[in-house]
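S.K.: Pasted the sequence and its predicted model underneath.
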Amino acid sequence: MTTKPTAKKYRIRRTGPGLTAPTADPARRPVSHEPPRADAGTKAPAAKAPRQKHHTPAVQVSQARMHSDPHATAGAKVQRPGQPERRTPASPQEQAAHEIDAIRQESLTGRQLRMARRVAQKHGMAPASDFDAVRLLRQRGIDPFQRSTLLELVVPDQEEVTQKPSEKEPRVQLPQTVPPPGETLPSTEVNPADWRNRQISEIQQDIARRRKRKIRMLVARLAAFVFLPTLLAGWYFFAVATPMYATKSEFLILQADGQSGAGASGLLSGNQVATSADSIAVQSYLQSTEAMLRLDSDLGFKSHFSQPFIDPIQRLSDDSTNEEAYRTYQKSVKVGYDPTEGVLRMEVIAADPEVSTSYSEKLIGYAEERVNSLSQQKRGDQMADAEESFRNADEERRAAQEALVNLQLQGATLDPEAVIASLRAQITQIELQILEKELQLAALLDNARPNQSRVDGARGDIRRLNDQLNELNTRMTDASQGENSLAQLSVRIQMAQADLATRDMLLQSALQQMEQTRLEANRQVRYLTISVKPVTPQEASYPRSFENTLLAFLIFAGIYLMVSLTSSILREQVTS
């Protein structure tokens, strides 16, 4: 480490006529071989003392003494010309220690102390500590914590900036050493402003180098993970991909127009809600493996996509399985259903326009067959149930009618109730005749000399009528009693007649239900109507080169963004 040689003599420069400063003893001023201790937060060495202006000779002498010995006169005032010299009763060391203790009691922050040391170094002081720097600045009449004082550390003196080097006045600094001749070693002190500017320039250059390196790495990663895959995808879509032709068609499933139904069925008939289930079933069937196998057996789906002129990505191998062919079928046949309009939209893609049209027509035929089979099975089940119910009702009515005839033949009487009613009528008539004859007999007997022949005739008529009445009552009793009585037979016949009437009503209801089921089955017939017929295309619809390339770029960029964000987050978590 190179040290500055110790000055042997001090010379006081005259600043006024007749005024000279006493020569200081070289042994009294300690010479420092290293720069003053800088601020803990900065790396700049102690700055040189700035140029001081307009000092009186006495003040210059006092400042020279203070620089030669900082602890010489801490509490002594500057001696003015014409005033007698005054001395403090306390020693300078005790006065300085007392002032430093007072400064310690002020509870200054570390930042304030560091700024005070920097201000003291700017003014050419050599404080022993941070508190000593505050003390020396206050002796100079400088507030180390004033805003203008802090700004002087950063902003240079405007007069020094504008003044040319040739016009600068010699800086007054007492005492000033004069290097002996022949000793012209370079100073170890560095200008803080130049050192700070050099450090800032190095930091800026380092930041610029890092930014350029990061930009180059970013461009390299983007080129490797985004631009290169996008370029390959665009080359495939523009130069390699086989053109494909798409045939579009639209069809819908309608319900047969029937008589207006009642209830919810009448409200839903004729709209798209009634046929939505059938439309979804047809869509699923057209996109199933069964439809692919039928198409392959009828028109050779696998053989068409196994032709050598198709690019390797879209081409099927010669020994491809049904699963591989079905994946190609899903990409080639697209069926969509619009529930608001009830329209099925189908797009068939093939390497030849004629083949795509034939595929589309064949698939529409498959859909029509499936619609007919779905409605036919449903209608067949409903009609079978209605016909079976009608046959059962007819058989039960026939059995009830046969039971009634057997009961009528069992008693040799077709209508027992009529027989009983006839007997009751005869008995009533005979009773009336007997009453009339008894009245005639009583009228004859009321005469004093009745005609005997007429009286005997009346009595004979009454006797014969009573005999006839007894006979009728006997017949009536025989018809009402016993196992084979007309009354019991009449009750059984009435029950058979009621059963027959019930069976007649059931048969009529079954017949009506069968007719209604037939009408409902006719209304449930589904028809597949083609609204847009397939037309042979003249231009290739796929691949869409620009759209697919742009989509590939967005996909690769999104993947790269997600991976980079994830890696940066993980790196931050690990480093923290």
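M.R.: It's in.
S.K.: Quick check: pLDDT value at P192.
M.R.: If you check P192, the pLDDT there is 83.
S.K.: Quickly note the distance from it to I207.
M.R.: To I207, P192 is 22 Å away according to Cβ to Cβ, to the nearest Å. For the C-beta atoms, the positions are set from N, CA and C on the backbone; glycine is no exception.
S.K.: again with F225
M.R.: 26 Å.
S.K.: which residues of the stretch 201-350 of the chain fall in strands?
M.R.: 245-255, 333-338, 343-350 (DSSP state E, counting those that start in this stretch).
S.K.: quick one: low-confidence parts of the stretch 401-550 of the chain?
M.R.: 410-417, 477-488, 523-524 (pLDDT under 70).
S.K.: re earlier: can you pick out the residue with more neighbours from P192 and I207?
M.R.: P192 (20 against 10; other Cβ atoms under 10 Å).
S.K.: what's the neighbour count on S317?
M.R.: As a burial measure, S317 scores 12 neighbours (other Cβ under 10 Å).
S.K.: Please report the distance of it from V333.
M.R.: Applying Cβ to Cβ, the value for S317 to V333 is 20 Å.
S.K.: likewise L500?
M.R.: For L500 relative to V333 (Cβ to Cβ), the value is 63 Å.
S.K.: Next: T340.
M.R.: 23 Å.
S.K.: Same question for R118.
M.R.: For R118 relative to V333 (Cβ to Cβ), the value is 83 Å.
S.K.: How about T566?
M.R.: On the measure of Cβ to Cβ, T566 and V333 end up 39 Å apart.
S.K.: Who has more neighbours out of those two?
M.R.: Counted by other Cβ under 10 Å, T566 and V333 do not tie: V333 has more neighbours, with 22 against 10.
S.K.: Ignoring the adjacent residues along the chain, who's closest to that one?
M.R.: Leaving aside its chain neighbours, V333 sits nearest to V348 (5.6 Å; criterion: Cβ to Cβ, 6 or more residues apart in numbering).
S.K.: E361 is in contact with that neighbour, correct?
M.R.: No. Checked against Cβ atoms under 8 Å, the pair V348 and E361 is beyond contact range at 9.3 Å.
S.K.: Need the overlap of contacts for those two.
M.R.: Residues touching both V348 and E361 (Cβ atoms under 8 Å, 6 or more residues apart in numbering): P534.
S.K.: These two: who's more crowded?
M.R.: V348 (26 against 15).
S.K.: T242 and A552, how far apart?
M.R.: 18 Å.
S.K.: Settle it for me: which of the two has more neighbours?
M.R.: A552 (19 against 16).
S.K.: For that one, list the residues it contacts.
M.R.: Contacts of A552 (Cβ under 8 Å, 6+ apart): P229, T230, A233, G234.
S.K.: Would you format those as CSV with neighbour count and pLDDT included?
M.R.: Output for the contacts of A552, formatted as CSV (neighbours: other Cβ atoms under 10 Å; pLDDT from 0 to 100):
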residue, neighbour count, pLDDT
P229, 17, 95
T230, 19, 96
A233, 19, 95
G234, 17, 95
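S.K.: What is the nearest of these to N447?
M.R.: Nearest to N447 among the contacts of A552 is A233, at 144.9 Å by Cβ to Cβ.
S.K.: Next, the contact list for that closest one, please.
M.R.: Counting by Cβ under 8 Å, 6+ apart, A233 touches N548, T549, A552, F553.
S.K.: Can you select the buried ones from these in ChimeraX?
M.R.: A single ChimeraX command selects the buried members of the contacts of A233 (16 or more other Cβ atoms under 10 Å):
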select :548,549,552,553
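S.K.: just checking, which of the contacts of A233 belong to helices?
M.R.: Of the positions in the contacts of A233, N548, T549, A552, F553 sit in helices, assigned by DSSP state H.
S.K.: and which of those is nearest L445?
M.R.: Distances from L445 to the ones in helices among the contacts of A233, taken by Cβ to Cβ, are shortest for N548, at 135.6 Å.
S.K.: confidence score at the nearest residue to that closest one once chain neighbours are set aside?
M.R.: Leaving aside its chain neighbours, N548 sits nearest to F237 (4.9 Å; criterion: Cβ to Cβ, 6+ apart). At F237, the predicted lDDT confidence score is 94.
S.K.: what's the angle from the helix or strand that E368 is a member of to strand 343-350?
M.R.: Counting by DSSP states H and E, the element that carries E368 is helix 353-410. Angle of helix 353-410 versus strand 343-350, following axes from the mean of the first three to the mean of the last three Cα atoms, to 10 degrees, is 140 degrees.
S.K.: that older thread, what are the bridge partners for the residue nearest to V333, then?
M.R.: According to DSSP bridges, the residues that bridge with V348 are T247, V333.
S.K.: And it, how far from A239?
M.R.: V348 is 26 Å from A239, by Cβ to Cβ.
S.K.: Might you list the low-confidence residue ranges for the stretch 51-200 of the chain?
M.R.: Short version for the stretch 51-200 of the chain, where the test is pLDDT under 70: 51-90, 147-190.
S.K.: can you give me the helices for the stretch 201-350 of the chain?
M.R.: Using DSSP state H, counting those that start in this stretch, the helices of the stretch 201-350 of the chain run over 228-235, 264-268, 276-286, 289-299, 301-305, 322-332.
S.K.: Tell me which of those sits most buried.
M.R.: Highest mean neighbour count among these (mean count of other Cβ atoms under 10 Å): helix 301-305, with a mean of 20.
S.K.: can you tell me which helix or strand A126 belongs to?
M.R.: Short version, using DSSP H and E: A126 is in no helix or strand.
S.K.: okay, now it: neighbour count?
M.R.: 18.
S.K.: Next, give phi and psi for it.
M.R.: Backbone torsions of A126, given as degrees, to the nearest 10, read phi -130, psi 70.
S.K.: and V348, how far is that from E341?
M.R.: In terms of Cβ to Cβ, V348 sits 21 Å off from E341.
S.K.: now D456
M.R.: Noted for D456: a distance of 109 Å to E341, by Cβ to Cβ.
S.K.: Likewise for K212?
M.R.: From K212 to E341 the distance is 60 Å (Cβ to Cβ).
S.K.: got it, and N548?
M.R.: Distance from N548 to E341, by Cβ to Cβ: 30 Å.
S.K.: Over to Q513?
M.R.: 36 Å.
S.K.: which one of those two has more residues nearby?
M.R.: Between Q513 and E341, counting by other Cβ under 10 Å, Q513 is the more crowded of the two (15 against 12).
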